[in-house]
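>>> Only the shape, not the letters, is given here:
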C-alpha cells in the first residue's frame, strides 16, 4: 500500500473531481502529493504488484502450484482477482534478466593463470615423482631379470622403457586451450585462408549455400586477421546473446500461441485464448529459471558441503520434470481435453516447440556472432 502523503486539497489532480478519502471515486487516482522522494519510483513499482489486497502473492501461488488455473479463470472473465497476464509476464521478465545481469549463469573468466612460483613448484614435484618412479621400476626390473635369457632381457628392458615413458606422460601437464590466443591461423574454410581467397572461390562457383554462409565466413576471417582473443570472442557472443534474449522470447510468444492455435478447435478457442495460456506458461518458466539460477549460485557457495550439493543436484532434475508435467496439467485444465488426447497433443506441441525454439537460439547465436566488433 502506498505511503505517499495525502494532499490537503481534496480536488483530484487527474480529473478535478472531489476526493472523499484517499482515492478518487471517479478515476481511481490516489490523492497524494505529486512530488515524492526518489526511492518512491521503485517502491511504487513494487507496491503495484504487492499491495495490501495480496493480488500478486495470490497470482504467484496459483501460477506455481495450480497449473492452468490462472488461464481458466481469466478466460471465464474473472480478471480483477489476479495480476493480468501481460503485466505478470513483463514483471517476471524484468526480475529474471535483472538477476542474470547481476549474477551470470555462465562464468566466462578465462584469465586464471598459475603464478610462476606455483608453476615451478609443480614442475619440481613432478620431476621428483618421475625420478622415484623411474628408480623403483629400474630396480624392480633388474632384480627380476638376472636369470632371464637374452631375448627375455631385451623384452623386459623394452617394457621398462615404455613404463617410464608412461610415467613421464602421466606427470607432465596437459596442454590446454589458451583463450588469450587468437583464432588458429591454420584453419581454412572451403580451401580459403582469408576472405579474398574465399571470395575468389565463390566467384568461380556461385551457389545459394555460399551466399548464405558468406557473412559468417567474412566475419570469421575478420576476427582471425584482427587477432581478437578467443576469450573476448566468447565474451562478446555471450553479452550480445544475453542482450537479445528478451527480444527472442518476446518474438517466440506469438509463435508458441500459433502452434497451440493450429492443434485446437478454431471455433471454440480463439488465438487470444492461446495467447493468455502462453503468457502464463512463459511467466511460470521465467520464475523457474530465476529460481534455478538462485540454486546454481547457492551451489557455488556451498559446493564443499556434499550433502547440500547432492540435494541441489536432485532439485534440478525434479524442477525439470515439473516444468514438463506442468504443461500437460495446465493444457488439460484449460482446454478440457480427454486425458489421452491432451497427452498426445501436449507431447507433439512440446516436441515441435523444442526444435523451433532451438532453431531460434541458434539463430540468436549466429546474429550475435555477426554483431561482434
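Thanks, I have the structure now. All of these numbers come straight from a predicted model, not from anything done at the bench. Residues are numbered from 1 along each chain as shown.
>>> So which residues make contact with the strand or helix carrying residue 98?
If you go by DSSP states H and E, residue 98 is part of helix 85-102. Here helix 85-102 makes contact (CB atoms under 8 Å, 6 or more residues apart in numbering) with 49, 59, 63, 70-71, 74, 83, 242, 245-246, 249, 253, 275-276, 279-280, 282-283, 286-287, 289-290, 293-294. For every residue, glycine as well, the C-beta is placed using N, CA and C.
>>> what about residue 372, distance to residue 233?
Taking CB to CB, to the nearest Å as the measure, residue 372 falls 7 Å from residue 233.
>>> so what sits against both of the two?
residue 223.
>>> is it true that residue 278 touches residue 255?
No - using CB atoms under 8 Å, residue 278 makes no contact with residue 255, being 9.2 Å away.
>>> which of those two has more neighbours?
residue 278 (22 against 14; other CB atoms under 10 Å).
>>> Can you tell me which of the contacts of helix 85-102 end up in helices?
49, 59, 63, 70-71, 74, 242, 245-246, 249, 253, 275-276, 279-280, 282-283, 286-287, 289-290, 293-294 (DSSP state H).
>>> Give me the buried subset of these.
Those of the ones in helices among the contacts of helix 85-102 that meet the buried threshold are 59, 63, 70-71, 74, 242, 245, 249, 275-276, 279-280, 282-283, 286-287, 289-290, 293, by 16 or more other CB atoms under 10 Å.
>>> pLDDT below threshold where in this structure?
Along the chain, segments meeting pLDDT under 70 span 1-4, 36-54, 104-188, 190, 208-210, 230, 239, 241-243, 303.
>>> can you give me the helices in it?
Using DSSP H, helices in the chain cover 40-50, 55-65, 69-75, 85-102, 116-143, 150-171, 195-204, 208-226, 230-262, 271-301, 306-335, 339-370.
>>> Now the fourth one: buried residues?
For helix 85-102, the buried set under the neighbour-count rule, 16+ other CB under 10 Å, comprises 85, 87, 88, 89, 91, 92, 93, 96, 97, 99, 100.
>>> Go through the residues you listed and name the one nearest residue 189.
Relative to residue 189, the closest of the buried residues of helix 85-102 is residue 100; by CB to CB it sits at 33.4 Å.
>>> Please parse this structure into its domains.
What automatic domain parsing lists as the domains of the chain is 1-52, 54-110+228-373, 116-171.
>>> most neighbours per residue, which of these?
domain 54-110+228-373 (a mean of 15; mean count of other CB atoms under 10 Å).
>>> residues contacting the nearest residue to residue 20 once chain neighbours are set aside?
Using CB to CB, 6 or more residues apart in numbering and skipping residues adjacent in sequence, the residue nearest residue 20 is residue 10, 7.6 Å away. Residues in contact with residue 10 (CB under 8 Å, 6+ apart) are 18, 19, 20, 31.
>>> Give me the distance between the third one and residue 270.
This points to residue 20. 41 Å.
>>> Kindly report the same for the second one.
Summarising the geometry, the distance separating residue 19 from residue 270, computed by CB to CB, is 40 Å.
>>> now swap in residue 16 and tell me
Taken as CB to CB, the span from residue 16 to residue 270 is 40 Å.
>>> ok, back up a step: now, which of the contacts of residue 10 lie within strands?
Among those, no residue falls in strands (DSSP state E).
>>> tell me the contacts of the closest residue to residue 74 other than its chain neighbours?
Spatial nearest neighbour of residue 74, excluding adjacent residues (CB to CB, 6+ apart): residue 276 at 5.6 Å. Neighbour list for residue 276: 71, 74, 75, 85 [criterion: CB under 8 Å, 6+ apart].
>>> Now with 10 Å, please.
Residues counted as contacts of residue 276 (CB atoms under 10 Å, 6 or more residues apart in numbering) are 70, 71, 72, 74, 75, 84, 85, 86, 257, 270, 334.
>>> now do residue 353
252, 255, 256, 259, 260, 327.
>>> Please verify my assumption that the fifth one contacts residue 273.
What it means is residue 260. Yes - between residue 260 and residue 273 there is a contact at 8.5 Å, judged by CB atoms under 10 Å.
>>> joint contacts of the two?
334, 335.
>>> Against residue 227, how distant is residue 234?
In terms of CB to CB, residue 234 sits 15 Å off from residue 227.
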